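K.L.:
build the 3D model from these lines:
(chains A, B and C)
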Amino acid sequence: MSTLSMENKLFKEYVWYSALALAKTVLMSIITVYYRVTLKSIPTPEDAVFMEKSKEKHKVMLQSNAVIERIRRSHLNDLENVLPFVLIALLYVATGPEFSGAVFHFQIFLGARVIHTIAYIYALPQPIRLLGFASGFGINVSMLLHILMALY
Amino acid sequence: MSTLSMENKLFKEYVWYSALALAKTVLMSIITVYYRVTLKSIPTPEDAVFMEKSKEKHKVMLQSNAVIERIRRSHLNDLENVLPFVLIALLYVATGPEFSGAVFHFQIFLGARVIHTIAYIYALPQPIRLLGFASGFGINVSMLLHILMALY
Amino acid sequence: MSTLSMENKLFKEYVWYSALALAKTVLMSIITVYYRVTLKSIPTPEDAVFMEKSKEKHKVMLQSNAVIERIRRSHLNDLENVLPFVLIALLYVATGPEFSGAVFHFQIFLGARVIHTIAYIYALPQPIRLLGFASGFGINVSMLLHILMALY
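P.N.:
Numbering: from 1, shown residues only, chains lettered A, B, ... in the order given. Down below sits the predicted model:
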């Protein structure tokens, strides 16, 4: 039996939680596009030409917008945390960790990142976003330590 | 037979298209370096010292440049879409999708990202870049739905 | 025997070096948080409210800081190079390369990225950072060429 295949029930859990975390991450693009269109704030002149005939309005549209910068930072934070998670968790599953402890790692991570995103977009009072970030970060570190100790 | 091995002909196709998409992504670094050198626009003071003896020119060199910001945004868009693609497609292949439909997903994605990059760098009129982005995004969403439905 | 499993001694080396490279990458978040707290430079108003009672100081805290922008660029450079490395090396291991040559690739990459990060954060004179970047980039290109030639 191969560890990285659907015959391994932990790999199946890995695929499920990774797919959900990646879905959350790629959805940030849609949120960005939605706010760029509704707030009429875009990054390039060719976008302005496409969205607005009146050339006078183009300059305002090309200025940076606080709401969109917030969403973009949230998206970048996902790239910094969710993409490493999916890779670290793959290595972690390959080292054959105990099932329920591993699934618990995946569940905490997914919950932490959902909280982080909501706290970032809606500007919820700190330390909500910090706790979301720190929990997800802690899960990545915990899995990394497990991998390195398993191989050392 | 293991799903994630070269014995699986779909995994072989996955490796091929993922390698091409990753090659396209890492090549953005070279395009950035090329324009930083030719346009003499760099991010740090130590780069300025290395490239130009005349200290008077350093301040201008450290200013942000519209062409380079455009390439950097294009690179970041690859991080937001191509890296998730390689991960999502790995999970997707693990769920054992139908061969020709899966290869079609990979081909559309690669084509969409090549169009997106060319449209971004050469500032082609919209909606060319938008269509490139949306097609690649749609492929990622389609694979995610397939994974979640296969496991639910 | 499956290529992507701990029974394959090259896969084991892959897991080890990838875990170290990912550990280096996620640690950038902690360096960022450390400097944000000690330099009192933060990205959102809710962070300012959490860290500092005196509202008059908030505006200064929300300004961008050269040290933190440097760390953030270093982190982004990791996303552009280390995340592709972990993915490219996985595909590379799947194509069954020669053991010692492959491990040599992983070791050079890890060393190159450690040099790149130190050179970036401590603003070491160029071309130190450039050599760190170029060596890591060369490893990714070398693995990509190996993959494409193995499959073509």
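K.L.:
write out the residues of chain A neighbouring chain C.
P.N.:
Proximity of chain A to chain C, by Cβ under 8 Å from any Cβ of the partner chain, involves residues A:2-5, A:70, A:73, A:76, A:79-81, A:83-84, A:87-88, A:91, A:94-96, A:120, A:123-127, A:129-130, A:133, A:137, A:140-141, A:144, A:147-148, A:151. (Each C-beta comes from the backbone N, C-alpha and C, glycine too.)
K.L.:
repeat the analysis, applying 7 Å as the threshold.
P.N.:
When proximity is defined as Cβ under 7 Å from any Cβ of the partner chain, chain A approaches chain C at A:2-4, A:70, A:73, A:79-80, A:83-84, A:87-88, A:91, A:94, A:123, A:125-127, A:137, A:140, A:144, A:147-148, A:151.
K.L.:
narrow those to those in helices?
P.N.:
The subset of the residues of chain A next to chain C located in helices under the criterion DSSP state H comprises A:70, A:73, A:79-80, A:83-84, A:87-88, A:91, A:94, A:137, A:140, A:144, A:147-148, A:151.
K.L.:
residues contacting the residue in chain A positioned nearest to chain B?
P.N.:
Here the residue of chain A nearest chain B is A:Phe50; by Cβ to the nearest Cβ that distance is 3.5 Å. Under the criterion of Cβ atoms under 7 Å, 6 or more residues apart in numbering or on different chains, the contact list for A:Phe50 reads B:Gln126, B:Pro127.
K.L.:
residues of the stretch of helix or strand it belongs to that come out buried?
P.N.:
Using DSSP states H and E, A:Phe50 maps to helix A:45-51. Residues A:Glu46, A:Asp47, A:Ala48, A:Phe50 are the ones in helix A:45-51 that count as buried (16 or more other Cβ atoms under 10 Å in any protein chain shown).
K.L.:
next: stretch A:59-70.
P.N.:
A:Met61, A:Asn65, A:Ile68, A:Arg70.
K.L.:
pick the one among the residues you listed closest to B:Tyr17.
P.N.:
Relative to B:Tyr17, the closest of these is A:Ile68; by Cβ to Cβ it sits at 31.7 Å.
K.L.:
what residues are up against that closest one?
P.N.:
Residues counted as contacts of A:Ile68 (Cβ under 7 Å, 6+ apart) are A:Thr32, A:Tyr35, A:Arg36, A:Leu39, A:Ser41.
K.L.:
how about the residue of chain A found nearest chain C, nearest residue that isn't a chain neighbour?
P.N.:
Per Cβ to the nearest Cβ, A:Gln126 is where chain A lies closest to chain C, at 3.5 Å. Setting aside the residues directly before and after it, A:Gln126 is nearest to C:Phe50 in space (Cβ to Cβ, 6 or more residues apart in numbering or on different chains), at 3.5 Å.
K.L.:
same question, A:Leu90
P.N.:
Taking Cβ to Cβ, 6+ apart, and ignoring the residues beside it in sequence, A:Leu90 has A:Tyr14 as its nearest neighbour in space, at 7.0 Å.
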